[in-house]
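> Provided below for reference: sequence and predicted model.
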Amino acid sequence: MAEVVPIKVFGSSSIGVYIVANNSTAFVPPDVPEKIDDEVRSALGDVVVRATVAKSPLLGIFMVMNDNGVLVPGITLEEEIGVLRGLGLNVGVLHTKYTAIANLIVANNKAAIVSPILEPENRRIVADVLGVEVFVDSLTSSPLVGSLAVANSRGVLVAPDATDSDLKKLEKYLGVRADVGTVNRGRSFLRGGMVANDRGALVGWETTGAEIMRIMSTLFKGEKP
């Protein structure tokens, strides 16, 4: 049974800024308390690894993962890339002026949607490293597709400004059900407030019961009809 667990990281409800995960590994900043490791393992069932990108704890902004690989921006240090490769991960480096790459890509194990503002030469890297088909599109008329949606192998939750057209294209691209929702008492930048894989999710501690119910019904109750 999937769990959706509310937590704080560094006293903040913006937990998706600091944590990134797939179905086997979760990365957390070096300085988080050990109880965060326990909560990550409980909700996601992952091995927990402490890491940085460009010596920053903002892993959820700088990393994009699925079960096939991990993407990082060009500002990532060689030793940090070495840590990722040492775990057996397929690592791709995106050399882009938009270093907060997690705001520009939403992906699951089936496909990735990349922002129109991400340079075309990076799209092939996304496809090769994540092992998925890549679609170039916006959501809610915004290029920040990665900040507005969270996907796993069963569903994709998107900001409430999404239109019926947005929901239909998400379902078409990612091959899963789509619905709208929020985190942390109405915040629509979902990626900053939650981390999900196929087993469960972590959400910011301000997330309400109604918001958790929507997350559960979208990401953890069956495949797309």
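Right, received. Where do you want to start?
> any idea where the helices of this structure begin and end?
Listed in chain order, the helices of the chain (DSSP state H) span 34-44, 59-62, 78-86, 120-130, 145-148, 164-174, 209-219.
> The fourth one packs against which elements?
For helix 120-130, the helices and strands in contact under the criterion 3 or more C-beta pairs under 8 Å, 6 or more residues apart in numbering; DSSP states H and E are strand 70-73, strand 91-94, strand 105-107, strand 111-114, strand 133-136. Placement of C-beta: from N, CA and C, glycine included.
> ok so, going back, what's the closest of the helices of the chain to Val156?
Nearest of those to Val156, taken as C-beta to C-beta: helix 164-174 at 5.1 Å.
> Val91: how many residues sit nearby?
18 (other C-beta atoms under 10 Å).
> now swap in Ser24 and tell me
If you count neighbours by other C-beta under 10 Å, Ser24 ends up with 15.
> hang on, the earlier thing: and among the helices and strands packed on helix 120-130, the most buried is which?
The highest mean neighbour count among those, using mean count of other C-beta atoms under 10 Å, belongs to strand 105-107: a mean of 27.
> in terms of contact count, name the helices or strands touching it.
strand 111-114, helix 120-130, helix 145-148, strand 149-151.
> Now render those as TSV, adding mean pLDDT.
Listed next are the helices and strands packed on strand 105-107 as TSV, based on pLDDT from 0 to 100:
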stretch	mean pLDDT
strand 111-114	98
helix 120-130	97
helix 145-148	98
strand 149-151	98
